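**Q** fold the stuff below for me.
(4 chains)
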Number of protein chains: 2
Amino acid sequence: MVNKNKSKTTEEKILAAARKVFTTKGMTGARMQDIADEAGMNKALLHYYFKDKDKLFENVFLAEAQKFFPKINAIFNSEETLFDKIRNFVSEYIDEILSNPDLPWFVLNEMNRDPEQFLFKVWGKENLPKPAKLLAQVEQEVKAGIIKPISPVHLLMNMISLTIFPFVGKPMFLYNLRISEKQFREIMEQRKKEIPEFIINAIKK
Amino acid sequence: MVNKNKSKTTEEKILAAARKVFTTKGMTGARMQDIADEAGMNKALLHYYFKDKDKLFENVFLAEAQKFFPKINAIFNSEETLFDKIRNFVSEYIDEILSNPDLPWFVLNEMNRDPEQFLFKVWGKENLPKPAKLLAQVEQEVKAGIIKPISPVHLLMNMISLTIFPFVGKPMFLYNLRISEKQFREIMEQRKKEIPEFIINAIKK
DNA sequence: ACTTTTGTTAACCAAATGGTTAAACCGTAT
DNA sequence: ATACGGTTTAACCATTTGGTTAACAAAAGT
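**A** Numbers count the residues shown, from 1 in each chain, chains lettered A, B, ... in the order given. Okay, here's the model as predicted:
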């Protein structure tokens, strides 16, 4: 059997603790001692399992980022209609973030620190995100008179902003709208349908 | 005369350097020595002018946050129509951020660290942001059949997301869409009209 | 049984870092 | 010229911090 009930392996404990501390205090603000305390073990163990702080940090988030982001390209470059791409993109993105709520913050931080380095780590050398096809598709549907005239860049920005921002600004929304964690989650679930509807209403003729 | 041409006062040099370093490295990642280097002066001068690191950090951003945010309440609670509120909110917000591009990142970071503490500093004790009136107005216009049915919370989230996120995700957009600083600025200028149009299209009947 | 490997800890270390201090600098009023 | 105020600097200090080490414990091989 793989791993009975509540008994996490030491490595898992470290990762869980590290995620928690890194998320609230950021990479530079997090202390190895904090993580050790949170995990209930000796600091040296962190180094035993994950060489150093940088390696630990990467291990916490990078794996998931690597799994997730290439999916986006797949959606962008698929043969679906624009409306279906919007629906899929929003829905898949929100699902991913719901099961991994700190990912956006991590990504944003890394992109701020060193975009090239980060994109290289996540996408590999040549396989960068290519929104070109989606952008072209938008332009084409505008010309064909299927949707209202809109700059493809703005539409893409809107899709991404509507999807990601609530997670980044979560503490702000929680506090200002006085909603609970549970309500927040429900609202995000609703957004899987609300956002595509909102966007499609905005652009359809 | 107040301050000839290029000659910044020492205090201004410090603030400019601090903003730059704090913005790229974050509060915890920034080193007092980095800031001193950037400003071309001795580290002790930073402490001479601004007591300690925390005080310096607050001085960099807090003043502007305090000036800006109460404006939002004014818009939310004004007697304008919903559509005009949307136009004003987006336009004023983007203008503010354009003249102070690091503000959103700063706000998000602080809200993540300690929401209560931050809101208290920015808004004062009792004067917290109150979106209630706007939310009610949305609900009312939905009932009156002026706009399509939409949850007020989602609409508010959408407004804020569309407005703020592009600035937070700027490095991501710059790099993935291969646009220049100058182009980015132009796009943001366009968004002052694009976003309200987009939102209004999405909700008007 | 005992040896080897793996996991865990307390104590330690060197470097980095925020902050202090005492002296020097410099314009200006006496 | 000189005394004086604010300004600036080099040197220094105390603490924090990431990382190491050597010893110990627990499993796993033999």
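
**Q** relative to B:Gln183, how far out is A:Ile167?
**A** For residue A:167 the amino acid is Phe, not Ile. From A:Phe167 over to B:Gln183 the distance is 27 Å, taken as Cβ to Cβ, to the nearest Å. From N, CA and C alone the C-beta is placed, and that goes for glycine too.

**Q** more neighbours: the two, which one.
**A** Shown here are A:Phe167 and B:Gln183; by other Cβ atoms under 10 Å in any protein chain shown, A:Phe167 has more neighbours (21 against 13).

**Q** which strand or helix spans the more buried one?
**A** helix A:152-168 (DSSP states H and E).

**Q** does chain B sit close to the helix or strand following that helix?
**A** Sequence order places helix A:170-176 as the next helix or strand after helix A:152-168, per DSSP H and E. Yes - Helix A:170-176 reaches chain B (Cβ under 8 Å from any Cβ of the partner chain) through A:171-176.

**Q** picking up where we left off before, just how off-centre is the helix holding A:Phe167 within its chain?
**A** Its chain's average C-alpha position is 12 Å from that of helix A:152-168, according to Cα atoms, centre = their mean, to the nearest Å.

**Q** can you list the buried residues in it?
**A** Buried positions in helix A:152-168, judged by neighbour count with 16 or more other Cβ atoms under 10 Å in any protein chain shown: A:152-168.

**Q** low-confidence stretches in chain A?
**A** Low-confidence segments of chain A (pLDDT under 70): A:1-7, A:125-127.

**Q** quickly list the domain ranges of it.
**A** Domain assignment for chain A, taken from automatic domain parsing, gives A:7-50, A:62-203.

**Q** does DNA strand C sit close to the last one?
**A** What it means is domain A:62-203. No - counting by Cβ under 7 Å from any atom of the strand, no contacts exist between domain A:62-203 and DNA strand C, the nearest distance being 14.4 Å.

**Q** quick one: end-to-end length of that domain, please.
**A** In domain A:62-203, first residue to last residue: 35 Å (Cα to Cα, to the nearest Å).

**Q** stretch A:134-149 and chain B in contact?
**A** Yes - using Cβ under 8 Å from any Cβ, stretch A:134-149 reaches chain B at A:Lys148.

**Q** what about A:Asn73, distance to A:Lys85?
**A** A:Asn73 sits 12 Å away from A:Lys85, going by Cβ to Cβ.

**Q** the two: which is more packed in?
**A** Set A:Asn73 next to A:Lys85 and count neighbours by other Cβ under 10 Å: A:Lys85 wins out with 21 against 17.

**Q** dump the residue contacts of the more buried one.
**A** Applying Cβ atoms under 8 Å, 6 or more residues apart in numbering or on different chains, one finds that A:Lys85 lies in contact with A:75-76, A:78, A:134, A:137.

**Q** interface residues of chain A facing DNA strand D?
**A** Contact residues (Cβ under 7 Å from any atom of the strand) of chain A with DNA strand D: A:30-33, A:43-44, A:47, A:51-54.

**Q** now the buried members of those residues.
**A** Neighbour counting by 16+ other Cβ under 10 Å classes A:30, A:32, A:53 among these as buried.

**Q** any chance of those in JSON lines, plus distance to A:Pro104 and secondary structure?
**A** Converted to JSON lines, these look like this (distance: Cβ to Cβ, whole Å; DSSP: H, G, I helix; E, B strand; the rest coil):
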{"residue": "A:Ala30", "distance to A:Pro104": "18", "secondary structure": "coil"}
{"residue": "A:Met32", "distance to A:Pro104": "25", "secondary structure": "helix"}
{"residue": "A:Lys53", "distance to A:Pro104": "22", "secondary structure": "helix"}
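
**Q** for B:Arg191, state which of those is nearest.
**A** Closest approach to B:Arg191 among these (Cβ to Cβ): A:Ala30, at 34.7 Å.

**Q** give me the phi and psi angles of that closest one.
**A** phi -70, psi 140 (degrees, to the nearest 10).

**Q** state the distance from it to A:Arg113.
**A** Here the criterion is Cβ to Cβ. By it, A:Ala30 lies 14 Å from A:Arg113.

**Q** check A:Asn73 too.
**A** Between A:Asn73 and A:Arg113 the computed distance is 23 Å (Cβ to Cβ).

**Q** thank you, goodbye.
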